[in-house]
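Asks: Would you be able to build a 3D model of this:
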Amino acid sequence: MKYVNVEQVQKKMGSRLFANNLAKGLFLLATLFGLVILLTLIYRVYTDSIGWIDFQFITSKLSTTAERAGIMGAIAGTLWLMVVVAPVTMFLGVGTAIYLEEYAKNGKLKSIIQTNISNLAGVPSVVFGILGLTVFVRSFELGNIVLAGGLTMSLLVLPIVVVASQEAIRAVPQYLREASYGMGATKWQTIKNIVLPAAIPGILTGLILSLSRAIGETAPLVVIGIPALLIPLPDGIFDKFTVLPMQIYYWTVDSALVAEYANLAAATIVVLLIVLFLMNSIAIIIRNKFQNRF
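Replies: Prediction:
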């Protein structure tokens, strides 16, 4: 029978504690580095936007004069884009999740679909822009209108909704389904009346997060030819439009010619950050409110 060698343990303990403290310090430095970069960017944007964000800036249309320029057109275009993205993403994403979790049998087909969904989540956004340009803009001859942009962005964020909906449906306790079946309900009645109501908080969280990403994306819209300079306000999904990220891109590029455009871009970034913060906060509130429901 071997006994513990106290001296040997004490010698190794010192090296182990050193390695532990070293790893802890490296992880702390990595975290602080990211926070410093983020705070620096926020501070720079905030200082450049001081004095430019007001009611006139929010409600005015785009103008070639920096002092008169506003983002009302970009806000309207962003809202119209969400009118297309939200329902398309919700129906396709939730429908796919229901099929995979409740109807599809474990096998090669389900594995292939699941693998492709996971791969789509890692595809660069510019690839979705090329797909939208080929299919919606040219093949369907929609042009660079709200509908084409919304369908393109829906494809981009669809994997987020599918995965989030799958996790929400999977988290519904099995005994709820069994109790429903025991009462004589069909599979669809169980899904409609038991599973979906219990999974709605998780599904809504995924949907809001996907919309947050869609609002902040620029590359797909650049590829399909969304104009950065657009004076008229869009009145529907068949009108040309621009969005907040495209407005930021336009003013940032042209800031080399007109210095004030950099301030306009910074002010627009602040508005976009506030919108994203509010949407993510709503998602967190929904998750925290309903996570202990069952």
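Asks: buried set for the host helix or strand of Ile75?
Replies: Counting by DSSP states H and E, the element that carries Ile75 is helix 72-98. For helix 72-98, the neighbour count (16 or more other Cβ atoms under 10 Å) marks 73-78, 80-82, 84-86, 88-90, 93-94, 96-98 as buried. C-beta here means a position set from N, CA and C on the backbone, and glycine is covered the same way.
Asks: Would you pull up how far the longest helix anywhere in the chain lies from the middle of the chain?
Replies: Longest helix in the chain by number of residues (criterion: DSSP state H): helix 6-49. Chain-centre distance of helix 6-49: 28 Å, with Cα atoms, centre = their mean, to the nearest Å.
Asks: just checking, next helix/strand downstream of that helix?
Replies: Downstream of helix 6-49, the first helix or strand assigned by DSSP H and E is helix 55-59.
Asks: CA-only coordinates of that next one in CSV, if you can.
Replies: Output in CSV follows, covering the C-alpha atoms of helix 55-59 (Å, rounded to 0.1, in the frame of the first residue of the first chain):
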residue,chain,number,x,y,z
PHE,A,55,-35.0,65.6,-33.6
GLN,A,56,-34.2,67.2,-36.9
PHE,A,57,-31.5,64.6,-37.6
ILE,A,58,-34.0,61.7,-36.8
THR,A,59,-36.9,63.1,-38.9
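Asks: for the longest helix of the chain, packing partners?
Replies: Where contact means 3 or more Cβ pairs under 8 Å, 6 or more residues apart in numbering; DSSP states H and E, helix 6-49 is packed against helix 260-290.
Asks: what angle separates the helix it packs on from helix 72-98?
Replies: Using axes from the mean of the first three to the mean of the last three Cα atoms, to 10 degrees, one finds that helix 260-290 and helix 72-98 are set 30 degrees apart in direction.
Asks: which stretches of the stretch 1-150 of the chain have low pLDDT?
Replies: 1-7, 9, 11 (pLDDT under 70).
Asks: mind listing what Val88 touches?
Replies: Listed by Cβ atoms under 8 Å, 6 or more residues apart in numbering, the contact partners of Val88 are Gly150, Leu151, Ser154.
Asks: tell me the angle of the helix or strand hosting the first one relative to helix 72-98?
Replies: Under DSSP H and E, the secondary-structure element containing Gly150 is helix 146-170. Here helix 146-170 points in a direction 40 degrees away from that of helix 72-98 (the same axes, to 10 degrees).
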